[in-house]
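Trainee: Model the following, please.
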Amino acid sequence: MFMKKRALWRGLTTLFTFIFSLTIIIGVVAESYKATIDTALGTLSEKFVSENTEDDPLYDKFQPSAEVLNEDGTGNSHALIQKAIDLNRQQAAEGAVLLKNNNADGQGLPLAGNSQVTLFGIRSHVSLLGSSFGVKAQGPYISLEQALTQNKTDFKNTIAYTLNNNFATGEVTRGATLDSWSGDEFEFEGAGFTVNPVMTAVYDKLNETYLHSENETPSAEYDPGEPSAAEIKAVNSDYAASFAEYGDAAIVVISRPSAESKDYLPGGVVDGLGAEEPLQLTANERDTIEMAKKCSDNVIVLLNSANAVEIGDLKNDPEIDSILWIGFPGCYGMLGVSDILCGRTSPSGALPDIYATYNMSAPAMQNMGNFQYENGADMLTRGAGQTGGTTGNYLIEAEGIYVGYRYYETRYYDSVFGNGNAGSPVGAYASSTEWDYDKEVAYGFGYGLSYTDFTQEFEGEPEFNVSTDPETGVCDATAVFHVKVTNTGDMAGKSIVQIYGQAPYTEGGVEKSAVQLLNFGKTDTLKPGESQVVSVEVDLQYIASYDNTYDNGDGTVGTYILDPGTYYFAMGNGAHDALNHMMARQGADPESLSGESNSAMAYEHKITEDFISSTAFSVSKTGEKISNQLDYADWNYFQPGEVTYLSRTDWAGTYPKSYTGMTLVNEELINLLNGNYYTIQTDDDTSGITWGKDSDLMFYEMYGTDFDDAKWQDLLDKMTLEEAQYLATFGGPSIPGVSSIGTVETYMTENAGNGVAVNLNASKDTGAPWSISASDPNGNWHPEVFANAPLVAASFNQDLYKEVGSFIGEEALFTGIPILWGPGLNTHRHAYNGRNGEYYSEDPVLSGSAAMEFAIGALDYGLIAAPKHFAFNDQETNRSGVAPYMLEQRAREVELRAYQIAFEATKYDTEEEDAGMRGLMISFSKIGPVECTASYELMTEILKEEWGFKGYAVTDIYDDTDIYGAVLASGTTCFDTRGISGFYGATTLENCSTFATQVDGSKLSAQLLSGDAKLQNAVKDSCHNILYAFSQSSLMNRYNSTTHIEQTMTWWRMAYMAAIAAFGILLLASGALYVVSSKRKEREVS
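Mentor: Take a look at the predicted model:
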């Protein structure tokens, strides 16, 4: 019997030893992957703890404004949402652009407050409020019909829908942006109209089939999904009988979506729609307009699109009384649209893009879409990477600087003066025998009408100021124009003052646009008879031209040149109006001009070497000598003579062709395309680089510390190389902690430019006193509610740009996000880019100003704006790795200028501090054959050395993770590693599959950089920039001398600990009984 018991206890001891060991292993693994387990199970296994003390208080550095807080300092969700509603309403009211208004005999706009109207077009029922994926309007929202007819909403029936793209499978699904809404009711003042309920019911029924949503996407073969007259009749055969009662106005909504990852393509229209191009009106849309004409003598068209729809026919149609462009107005912007329709507000926006009669007439459209190297399959070896890289795709941007209005207005100027074969039919689409501006352009850049009339006149002479620092050579040259604006009409309104410039052009010399926006301002609301003087300061560096070929005399080539000669400046209702005034000043025959002209609205100024050196802007604001950095952006740099760039010398002879099937011959070009940018070294002397230094300095002490303060070196030297590498690798949203300097892993970044993509009750900083709890009835509100970028830009109101940035900074405080991946800051190369809804404009000064003001406003509340996508994201087709080839002049004067304005932010510089953005997201794109993320010339020489950027610069999602060393060496500070967390445990440098495949065959590890001095210094510099950005942000609210991590007892942690304890006890018990039974056996034997 004792033998049997002894065997039992021995067996159980063995079993319990195994299970006990297994539970310990499970516990160790669970702790290693605790962040992943917490995410999956919704638990919190460790807690970031900082104690609020009288001597070292928390949350005192950045706080929301009093108007969105309760008296006790807690957050007031209702007040926050109401502020968003009011601000979004103002965005739309000031950004919407009145393009046409035949308001004679009571027609046109505005409408009387008690009007009975009919809405036409399915998009009047389901208007586009944002872009699908990227900058969605997340809702809940106020619809057009509600804004026209109601005065309050509970939001229950207006939850926005969107289309979601699965990039792996290509599947597109429709879904609600919020699960539900049970929050407060909000009051507002609607237009007071009555809307035809019959047509509303018809479109409501039709959308059960069409399933349109408030956020949608373009497609390669697009169909706007407008129901036919037959479909409408099938729902209600007697629908037209309702027209008589609701015929004060017929309001037609025409829409086109925009979105990340998808473009419109030339000829990309579903067969049978009655349109040749996706931005042309389809037969059903034209039939809808004809239906509207039968309903009312007053037909109003609302353009609900970020991409320029072809509306030349509507402009010329006498039965169309008004056209109002409303972009994507955001969740509450329809209130601002209703304010305009009922006359509560006079429209004051201006177009951020030119509206061509036919979009294909833009020279950029000759090289848009899918272009592949003829022999790419044989020559290119680099793999696709995690984001499906497109090493084999390219674009030849042969239009040069002539993008958007620069092309149309410059060609118009030359055609009037008979220069450069500008009148040739080459490149003419709407014209026939010769190129004709009036036929090629429907509405110009910067154009917009008002309900009232304004006069603008120069108030005295402009003030030119030039000063050059004798030590650094930095030139500060400005011109201040004082413009007196008078409301001569009979309604209150605002007026935009736009200042344009023209530099002297020499045939065969540096290419120059005949007109370019230099800066702008906007009046306050002026009552009839009131005047205001608006002073607009122009930075003269933006009228200088970049000469790729200029010999600097020091062995370098290329810089900015301000040619001596006569410069013209003018104001006007858009670029075309201002150019006409310049041309009148230059003696042009008024009969030869398209539109009115007034020489008094233009000013000419003679620039000589005595006034300012022609190379005054060859030194950047930081004192850096400027020269060519992007020679490799030009295809001809590698294979000379194969590309011809558009030139004013001969418009006909240089008009771009479509560069298909380019053949790779040059070995350097092929090598760069294959990603061979940098070889990681293994035996450098790194003894002079300090890591792991003993110091008491901690990160919380760095709040507000200047970038060049010596304390940063002390802090950086304290970090270990491994810690620094983690920080320079994993760039968010979850950022690794650095224990040596007292930081902890933190979720820190989110999208986008129209709000913070985190629900109010899902704050990443629940310790903030204003954090909204899960029980708050408005907690489900999503802050991505604001208008899209083009509508924002169209207000031409720099104060409003800043105000929106400030409010989104407040949103970020409520949601616990210190860094925003946004706003979008690329320029519109053409109308077909699917992401035009995320970027401001075709003009870099307008774009740069909008982003700069946004960032300055956001930073007031501790939010670091990181604009995207730097740079050259000119199309979404093949976006991941496409190679756009261009001249450096084009790169600097168009795309890069927008970023330069935002990053330099000279408007806000003081003697004590340099202003400017502290964040950046880099594009998927290349510049020439070099990935932007890996371009030292772009990321360091231009961005940091010339512009003085200091801060966080992250790749786009998983981009270029296969060229790890090259990316770090370029000056990029870290990688976008969305979805990755649990650093040093679940995620290590060694086990992270994101970086598993490297072009050079290396393997990511904590030892990878041990023998590479350049990369060690680059990583240290990255950490300096990252931590500096963090130190300027609201993250510092959470840190003080008490900061530490506490472990919490989650149920899964309790479970494995209980299992360890239980099986440990069982092991001890079985072991003890085994020992006892063994001793009894021994006694029996003896």
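Trainee: For the rest of this, base every contact and every neighbour count on C-alpha atoms.
Mentor: OK.
Trainee: what's in contact with stretch 517-525?
Mentor: 485, 492-501, 532, 534-539, 542-543, 575, 796-798, 843, 845-846 (Cα atoms under 8 Å, 6 or more residues apart in numbering).
Trainee: do stretch 464-475 as well
Mentor: Stretch 464-475 has contacts (Cα under 8 Å, 6+ apart) with 476-480, 611-612, 616-617, 619-623.
Trainee: Swap in 10 Å and give it another go.
Mentor: 476-481, 537-541, 605, 611-613, 615-625 (Cα atoms under 10 Å, 6 or more residues apart in numbering).
Trainee: In strands, which of the residues you listed appear?
Mentor: If you go by DSSP state E, those have 476-481, 537-539, 605 in strands.
Trainee: Any chance of a ChimeraX selection covering the buried ones in the residues you listed?
Mentor: Entered in ChimeraX, the line below selects the buried ones among these, by 16 or more other Cα atoms under 10 Å:
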select :476,477,478,481,537,538,539
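Trainee: Residue 554: which of the ones in strands among the contacts of stretch 464-475 is nearest?
Mentor: Nearest to residue 554 out of the ones in strands among the contacts of stretch 464-475 is residue 476 (Cα to Cα; 23.2 Å).
Trainee: so what's that closest one up against?
Mentor: Going by Cα under 10 Å, 6+ apart, the list of residues near residue 476 reads 465-469, 539-541, 616-617, 620-621, 906.
Trainee: Please identify the one among those that lies nearest to residue 921.
Mentor: Among these, and counting by Cα to Cα, the member closest to residue 921 is residue 906, at 21.3 Å.
Trainee: so what's the backbone phi/psi at the closest one?
Mentor: phi -60, psi -20 (degrees, to the nearest 10).
Trainee: Can you get me a residue count around the closest residue to it other than its chain neighbours?
Mentor: Counting by Cα to Cα, 6 or more residues apart in numbering, residue 906 lies nearest to residue 915, which is 7.0 Å off, once chain neighbours are set aside. Using other Cα atoms under 10 Å, residue 915 has 20 other residues around it.
Trainee: how far away is residue 915 from residue 948?
Mentor: 10 Å (Cα to Cα, to the nearest Å).
Trainee: Now for the two: what residues contact both?
Mentor: Common neighbours of residue 915 and residue 948 (Cα under 10 Å, 6+ apart) are 903-904.
Trainee: follow-up on the earlier one: of the contacts of stretch 517-525, which belong to helices?
Mentor: Under the assignment DSSP state H, the contacts of stretch 517-525 contribute 575, 798, 845-846 to helices.
Trainee: Which strand or helix spans the residue nearest to residue 906?
Mentor: Using DSSP states H and E, residue 915 sits within no helix or strand.
Trainee: isn't it right next to residue 951, touching?
Mentor: No - taking contacts as Cα atoms under 10 Å, residue 915 lies outside contact range of residue 951: 11.9 Å.
Trainee: What segments of the stretch 351-500 of the chain are strands?
Mentor: Using DSSP state E, counting those that start in this stretch, the strands of the stretch 351-500 of the chain run over 355-356, 394-396, 441-443, 454-458, 463-468, 475-487, 496-502.
Trainee: Tell me the strands beside the fourth one, with direction?
Mentor: Same thing as strand 454-458. Here strand 454-458 has these sheet partners by DSSP bridges: strand 475-487 (antiparallel).
Trainee: avg pLDDT for the partner strand?
Mentor: Averaged over strand 475-487, pLDDT sits at 98.
Trainee: From here on, call the first residue 26.
Mentor: Sure, I'll start numbering at 26, so the last one becomes strand 500-512.
Trainee: what's the spacing between residue 710 and residue 738?
Mentor: 20 Å.
Trainee: helices and strands around the longest helix seen in the chain, which ones?
Mentor: Longest helix in the chain, counting residues (DSSP H): helix 1076-1110. Under the contact definition 3 or more Cα pairs under 10 Å, 6 or more residues apart in numbering; DSSP states H and E, helix 1076-1110 sits against helix 27-57, helix 59-66.
Trainee: check contacts around the residue most central in space within the chain.
Mentor: Most central in the chain under Cα atoms, centre = their mean is residue 849, positioned 1.3 Å from the mean C-alpha point. Residue 849 makes contact with 159-160, 777-779, 813-814, 860-865, 872, 876, 891-895, 946, according to Cα under 10 Å, 6+ apart.
Trainee: Return the set of residues that bridge with it.
Mentor: Going by DSSP bridges, residue 849 is paired in beta bridges with residue 893.
Trainee: so what pLDDT did it get?
Mentor: For residue 849, the model assigns a pLDDT of 97.
Trainee: For residue 923, see how far away it is.
Mentor: Taking Cα to Cα, one finds residue 849 at 11 Å from residue 923.
Trainee: any chance of the helices and strands packed on helix 1076-1110 in CSV, with mean pLDDT, mean neighbour count and distance to residue 326 too?
Mentor: As requested, those are exported to CSV (pLDDT from 0 to 100; neighbours: other Cα atoms under 10 Å; distance: least, Cα to Cα, whole Å):
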stretch, mean pLDDT, mean neighbour count, distance to residue 326
helix 27-57, 81, 17, 60
helix 59-66, 70, 17, 48
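Trainee: Distance to residue 387 added to the ones you listed, as TSV?
Mentor: Below are those laid out as TSV (distance: least, Cα to Cα, whole Å):
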stretch	distance to residue 387
helix 27-57	56
helix 59-66	49
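Trainee: shaky segments in the stretch 776-925 of the chain?
Mentor: For the stretch 776-925 of the chain, no stretch is flagged by pLDDT under 70.
Trainee: Which stretches in it count as strands?
Mentor: Counting by DSSP E, counting those that start in this stretch, the strands of the stretch 776-925 of the chain are 844-846, 889-890, 908-910.
Trainee: Direction included, what does the second one pair up with?
Mentor: It refers to strand 889-890. strand 844-846 (parallel).
Trainee: now swap in the last one and tell me
Mentor: In the sheet containing strand 908-910, the strands it pairs with under DSSP bridges are strand 419-421 (parallel).
Trainee: gap between the partner strand and the chain center?
Mentor: 23 Å (Cα atoms, centre = their mean, to the nearest Å).
Trainee: Please enumerate residues in contact with that strand?
Mentor: For strand 419-421, the surrounding residues in contact (Cα under 10 Å, 6+ apart) are 389, 391-398, 658-660, 668-670, 681-687, 899-900, 903-904, 906-912, 950-951, 953-954.
Trainee: Please repeat the previous calculation with a cut-off of 8 Å.
Mentor: Strand 419-421 is contacted from outside by 392-393, 395-398, 660, 668, 684, 907-911, using Cα under 8 Å, 6+ apart.
Trainee: Just the buried ones out of the residues you listed, please.
Mentor: Among these, those buried by neighbour count (16+ other Cα under 10 Å) are 392-393, 396-398, 660, 668, 684, 907-911.
Trainee: now, which of those sits nearest residue 375?
Mentor: The closest of the buried ones among the contacts of strand 419-421 to residue 375 turns out to be residue 393 (Cα to Cα; 26.8 Å).
Trainee: What score does the residue lying closest to that closest one once chain neighbours are set aside have for pLDDT?
Mentor: Leaving aside its sequence neighbours, residue 393 sits nearest to residue 420 (Cα to Cα, 6+ apart; 7.0 Å). Here, the pLDDT recorded for residue 420 equals 98.
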